[in-house]
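Asks: show me how the following folds:
(chains A and B)
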Amino acid sequence: MLETLSLFLGIWLLFLLLAIYYLSQAPEGRVGRFRESVSEHFSAENRARALLQEMLTDEQYQQLMKYGYLEVASPSSADRIYRIPGSGGLVKVYERGSAVMELCLQPAEPLPDGDVVLMHKLMIEANEPEYLQKANHFAPGIISLRCPHL
Amino acid sequence: MGMLRIMSRRGDDRITWDPKKADANDPEAQAAVREAERIFQEARMRGATAFRVSPGPTERIDKFDRTAEQIVIVPRVVGG
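Replies: Reported below is the predicted structural model:
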(Lines give C-alpha, C1' and ligand atoms only; values in the text may rest on other atoms or scores of the structure.)
Protein backbone atom coordinates (compact mmCIF):
# COMPACT_ATOMS: atom_id res chain seq x y z
CA MET A 1 0.00 0.00 0.00
CA LEU A 2 2.78 2.38 1.08
CA GLU A 3 4.84 1.40 -1.96
CA THR A 4 1.92 2.14 -4.34
CA LEU A 5 1.39 5.50 -2.68
CA SER A 6 5.09 6.32 -3.00
CA LEU A 7 4.99 5.32 -6.67
CA PHE A 8 2.02 7.62 -7.36
CA LEU A 9 3.70 10.44 -5.44
CA GLY A 10 6.89 9.92 -7.44
CA ILE A 11 5.03 10.02 -10.77
CA TRP A 12 3.15 13.12 -9.69
CA LEU A 13 6.40 14.86 -8.69
CA LEU A 14 7.96 13.89 -12.01
CA PHE A 15 5.04 15.46 -13.90
CA LEU A 16 5.31 18.58 -11.75
CA LEU A 17 9.03 18.93 -12.49
CA LEU A 18 8.39 18.38 -16.21
CA ALA A 19 5.70 21.08 -16.18
CA ILE A 20 8.04 23.54 -14.43
CA TYR A 21 10.81 22.72 -16.90
CA TYR A 22 8.41 23.14 -19.86
CA LEU A 23 7.23 26.54 -18.60
CA SER A 24 10.79 27.71 -17.95
CA GLN A 25 11.83 26.73 -21.51
CA ALA A 26 8.70 28.13 -23.21
CA PRO A 27 9.05 31.29 -25.28
CA GLU A 28 8.22 34.49 -23.39
CA GLY A 29 5.10 34.96 -25.53
CA ARG A 30 3.55 31.70 -24.41
CA VAL A 31 4.22 32.36 -20.72
CA GLY A 32 3.00 35.93 -21.19
CA ARG A 33 -0.26 34.71 -22.72
CA PHE A 34 -0.70 32.27 -19.83
CA ARG A 35 -0.15 35.06 -17.28
CA GLU A 36 -2.54 37.30 -19.23
CA SER A 37 -5.18 34.59 -19.30
CA VAL A 38 -4.91 34.05 -15.53
CA SER A 39 -5.07 37.80 -14.95
CA GLU A 40 -8.18 38.12 -17.18
CA HIS A 41 -9.84 35.28 -15.29
CA PHE A 42 -9.31 36.95 -11.91
CA SER A 43 -10.38 40.32 -13.28
CA ALA A 44 -13.62 38.80 -14.61
CA GLU A 45 -14.30 37.06 -11.29
CA ASN A 46 -13.72 40.33 -9.42
CA ARG A 47 -16.12 42.22 -11.69
CA ALA A 48 -18.74 39.50 -11.29
CA ARG A 49 -18.36 39.57 -7.50
CA ALA A 50 -18.78 43.34 -7.47
CA LEU A 51 -21.93 43.10 -9.60
CA LEU A 52 -23.31 40.40 -7.35
CA GLN A 53 -22.63 42.47 -4.23
CA GLU A 54 -24.44 45.38 -5.82
CA MET A 55 -27.48 43.32 -6.84
CA LEU A 56 -27.94 41.33 -3.63
CA THR A 57 -29.06 42.51 -0.23
CA ASP A 58 -26.47 42.33 2.56
CA GLU A 59 -28.22 39.26 3.98
CA GLN A 60 -28.20 37.49 0.62
CA TYR A 61 -24.54 38.28 0.01
CA GLN A 62 -23.58 37.11 3.50
CA GLN A 63 -25.49 33.87 2.94
CA LEU A 64 -23.57 33.27 -0.28
CA MET A 65 -20.21 34.00 1.35
CA LYS A 66 -20.90 31.99 4.49
CA TYR A 67 -22.75 28.95 3.14
CA GLY A 68 -21.70 28.95 -0.52
CA TYR A 69 -25.21 29.23 -1.90
CA LEU A 70 -27.95 31.78 -2.43
CA GLU A 71 -31.56 30.99 -1.66
CA VAL A 72 -34.22 32.60 -3.81
CA ALA A 73 -37.88 32.33 -2.89
CA SER A 74 -40.25 31.24 -5.63
CA PRO A 75 -42.42 34.13 -6.81
CA SER A 76 -45.32 31.72 -7.39
CA SER A 77 -45.19 29.31 -4.45
CA ALA A 78 -44.60 30.32 -0.84
CA ASP A 79 -43.33 26.81 -0.03
CA ARG A 80 -40.67 26.64 -2.71
CA ILE A 81 -37.04 27.77 -2.40
CA TYR A 82 -34.33 27.66 -5.06
CA ARG A 83 -30.84 27.08 -3.70
CA ILE A 84 -28.27 28.42 -6.19
CA PRO A 85 -24.69 27.18 -5.65
CA GLY A 86 -22.04 29.90 -5.57
CA SER A 87 -19.45 28.03 -7.60
CA GLY A 88 -21.39 26.18 -10.24
CA GLY A 89 -23.53 23.09 -10.19
CA LEU A 90 -27.17 22.18 -10.09
CA VAL A 91 -29.80 24.42 -8.53
CA LYS A 92 -31.61 22.54 -5.80
CA VAL A 93 -35.33 23.08 -5.36
CA TYR A 94 -36.87 22.65 -1.92
CA GLU A 95 -40.55 22.52 -1.06
CA ARG A 96 -41.54 22.67 2.61
CA GLY A 97 -37.89 22.04 3.47
CA SER A 98 -37.49 18.87 1.37
CA ALA A 99 -35.43 18.61 -1.81
CA VAL A 100 -37.83 17.86 -4.66
CA MET A 101 -35.66 18.30 -7.75
CA GLU A 102 -32.42 19.68 -9.15
CA LEU A 103 -32.16 21.93 -12.17
CA CYS A 104 -29.41 22.41 -14.71
CA LEU A 105 -29.42 25.56 -16.78
CA GLN A 106 -26.28 27.16 -18.10
CA PRO A 107 -25.23 30.12 -20.22
CA ALA A 108 -24.32 29.24 -23.81
CA GLU A 109 -21.00 31.06 -23.29
CA PRO A 110 -18.85 30.69 -20.17
CA LEU A 111 -19.46 33.30 -17.46
CA PRO A 112 -17.72 34.00 -14.15
CA ASP A 113 -19.32 32.13 -11.23
CA GLY A 114 -20.82 35.30 -9.73
CA ASP A 115 -22.59 36.16 -12.98
CA VAL A 116 -24.03 32.64 -13.17
CA VAL A 117 -25.50 33.04 -9.68
CA LEU A 118 -27.07 36.35 -10.69
CA MET A 119 -28.33 34.84 -13.96
CA HIS A 120 -30.30 32.20 -12.05
CA LYS A 121 -31.67 34.76 -9.59
CA LEU A 122 -32.85 37.17 -12.26
CA MET A 123 -34.47 34.42 -14.33
CA ILE A 124 -36.30 32.92 -11.35
CA GLU A 125 -37.58 36.28 -10.15
CA ALA A 126 -38.55 37.66 -13.54
CA ASN A 127 -39.98 34.62 -15.29
CA GLU A 128 -40.10 31.47 -13.19
CA PRO A 129 -42.23 29.38 -15.62
CA GLU A 130 -39.76 30.00 -18.46
CA TYR A 131 -36.83 29.23 -16.15
CA LEU A 132 -38.40 25.89 -15.20
CA GLN A 133 -39.22 25.16 -18.80
CA LYS A 134 -35.68 25.81 -20.06
CA ALA A 135 -33.85 23.94 -17.27
CA ASN A 136 -33.27 20.21 -17.33
CA HIS A 137 -34.85 18.54 -14.32
CA PHE A 138 -33.23 15.81 -12.26
CA ALA A 139 -34.32 13.86 -9.21
CA PRO A 140 -32.58 15.25 -6.10
CA GLY A 141 -29.20 13.74 -5.24
CA ILE A 142 -28.71 11.82 -8.48
CA ILE A 143 -26.15 14.13 -10.06
CA SER A 144 -23.57 15.95 -7.98
CA LEU A 145 -21.11 16.98 -10.69
CA ARG A 146 -20.92 20.51 -12.06
CA CYS A 147 -22.78 21.22 -15.27
CA PRO A 148 -20.40 21.69 -18.23
CA HIS A 149 -19.14 25.29 -18.48
CA LEU A 150 -20.16 26.08 -14.88
CA MET B 1 -28.21 57.88 -15.16
CA GLY B 2 -29.09 54.74 -17.05
CA MET B 3 -26.77 51.77 -17.26
CA LEU B 4 -26.70 48.73 -19.51
CA ARG B 5 -24.62 45.82 -18.19
CA ILE B 6 -23.83 42.96 -20.52
CA MET B 7 -22.56 39.75 -18.94
CA SER B 8 -19.68 38.05 -20.72
CA ARG B 9 -16.67 35.86 -19.94
CA ARG B 10 -14.79 39.08 -19.04
CA GLY B 11 -17.34 40.03 -16.38
CA ASP B 12 -19.90 42.70 -17.22
CA ASP B 13 -19.34 45.39 -19.84
CA ARG B 14 -21.09 48.67 -19.07
CA ILE B 15 -22.64 51.48 -21.07
CA THR B 16 -24.11 54.52 -19.36
CA TRP B 17 -26.33 57.33 -20.59
CA ASP B 18 -28.04 60.37 -19.16
CA PRO B 19 -31.74 60.25 -20.05
CA LYS B 20 -32.33 63.85 -18.99
CA LYS B 21 -29.60 65.17 -21.27
CA ALA B 22 -30.82 62.89 -24.07
CA ASP B 23 -34.33 64.34 -23.68
CA ALA B 24 -32.78 67.81 -23.84
CA ASN B 25 -31.28 66.87 -27.25
CA ASP B 26 -27.70 66.71 -26.03
CA PRO B 27 -25.93 65.02 -28.99
CA GLU B 28 -23.47 63.03 -26.85
CA ALA B 29 -26.20 61.73 -24.56
CA GLN B 30 -28.37 60.83 -27.54
CA ALA B 31 -25.46 58.96 -29.16
CA ALA B 32 -24.94 57.02 -25.91
CA VAL B 33 -28.62 56.04 -25.84
CA ARG B 34 -28.49 54.94 -29.49
CA GLU B 35 -25.37 52.87 -28.81
CA ALA B 36 -26.95 51.23 -25.76
CA GLU B 37 -30.09 50.47 -27.80
CA ARG B 38 -28.01 48.97 -30.64
CA ILE B 39 -26.10 46.71 -28.25
CA PHE B 40 -29.36 45.73 -26.53
CA GLN B 41 -30.95 44.71 -29.84
CA GLU B 42 -27.87 42.84 -31.06
CA ALA B 43 -27.74 40.86 -27.82
CA ARG B 44 -31.45 40.06 -28.02
CA MET B 45 -31.01 38.83 -31.60
CA ARG B 46 -28.31 36.45 -30.34
CA GLY B 47 -30.83 35.00 -27.87
CA ALA B 48 -29.82 36.97 -24.77
CA THR B 49 -32.36 37.88 -22.10
CA ALA B 50 -32.66 41.40 -20.70
CA PHE B 51 -33.83 42.34 -17.22
CA ARG B 52 -34.72 45.74 -15.84
CA VAL B 53 -33.42 45.50 -12.30
CA SER B 54 -34.22 48.99 -11.11
CA PRO B 55 -36.30 50.85 -10.30
CA GLY B 56 -38.78 48.37 -8.85
CA PRO B 57 -38.81 44.58 -8.93
CA THR B 58 -36.80 42.62 -11.50
CA GLU B 59 -38.63 42.49 -14.79
CA ARG B 60 -37.81 40.82 -18.08
CA ILE B 61 -37.95 43.27 -20.97
CA ASP B 62 -38.00 42.72 -24.73
CA LYS B 63 -37.53 46.35 -25.76
CA PHE B 64 -34.83 48.77 -24.71
CA ASP B 65 -36.06 51.13 -21.98
CA ARG B 66 -34.09 54.37 -21.82
CA THR B 67 -35.83 55.33 -18.58
CA ALA B 68 -34.50 52.25 -16.77
CA GLU B 69 -31.84 52.92 -14.16
CA GLN B 70 -30.22 49.59 -14.79
CA ILE B 71 -30.62 46.83 -17.37
CA VAL B 72 -28.71 43.55 -17.13
CA ILE B 73 -28.27 41.36 -20.19
CA VAL B 74 -27.68 37.64 -19.71
CA PRO B 75 -26.38 35.59 -22.66
CA ARG B 76 -28.52 32.84 -24.19
CA VAL B 77 -29.10 29.98 -21.78
CA VAL B 78 -29.56 26.28 -22.41
CA GLY B 79 -30.64 23.34 -20.28
CA GLY B 80 -27.56 21.39 -19.19
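
Asks: my guess is residue B:2 contacts residue B:14. True?
Replies: No: assessed by CB atoms under 8 Å, residue B:2 is found out of contact with residue B:14, at 10.8 Å. All C-beta atoms are positioned from the backbone trio N, CA, C, and that covers glycine.

Asks: with neighbour numbers in mind, choose between these two.
Replies: Neighbour count, other CB atoms under 10 Å in any protein chain shown: between residue B:2 and residue B:14, residue B:2 has more, with 22 against 13.

Asks: residues contacting that one?
Replies: Residue B:2 is in contact with B:16-19, B:33, B:36, B:66-71, counting by CB atoms under 8 Å, 6 or more residues apart in numbering or on different chains.

Asks: ok, residue A:141 next?
Replies: Contacts of residue A:141 by CB under 8 Å, 6+ apart are A:99, A:102.

Asks: over to residue B:76?
Replies: With CB under 8 Å, 6+ apart as the criterion, the residues that contact residue B:76 are A:107-109, B:46-49.

Asks: what residues are bridge-paired with the closest residue to chain A within chain B?
Replies: Residue nearest to chain A within chain B (CB to the nearest CB): residue B:11, separated by 2.7 Å. Applying DSSP bridges to residue B:11 gives these bridge partners: residue B:8.

Asks: give me the number of residues near it?
Replies: 23.

Asks: where are the low-confidence patches of chain B?
Replies: B:55 (pLDDT under 70).

Asks: where does it come near chain A, residue by residue?
Replies: B:5, B:7-12, B:47, B:49, B:51, B:53, B:57-60, B:72, B:74-80 (CB under 8 Å from any CB of the partner chain).

Asks: please list only the buried members of these.
Replies: Using 16 or more other CB atoms under 10 Å in any protein chain shown as the burial test, these include B:5, B:7-8, B:11-12, B:49, B:51, B:53, B:58-59, B:72, B:74-75, B:77, B:80 as buried.

Asks: farthest pair in the residues you listed?
Replies: B:59 and B:80 (25.6 Å; CB to CB).

Asks: if you rank every helix and strand of chain A by mean pLDDT, what lands last?
Replies: Sorting the helices and strands of chain A by mean pLDDT, DSSP states H and E puts helix A:2-25 at the bottom, at a mean of 78.

Asks: how far is it from where the chain is centred?
Replies: Centroid displacement of helix A:2-25 relative to its chain, using CA atoms, centre = their mean, to the nearest Å, is 29 Å.
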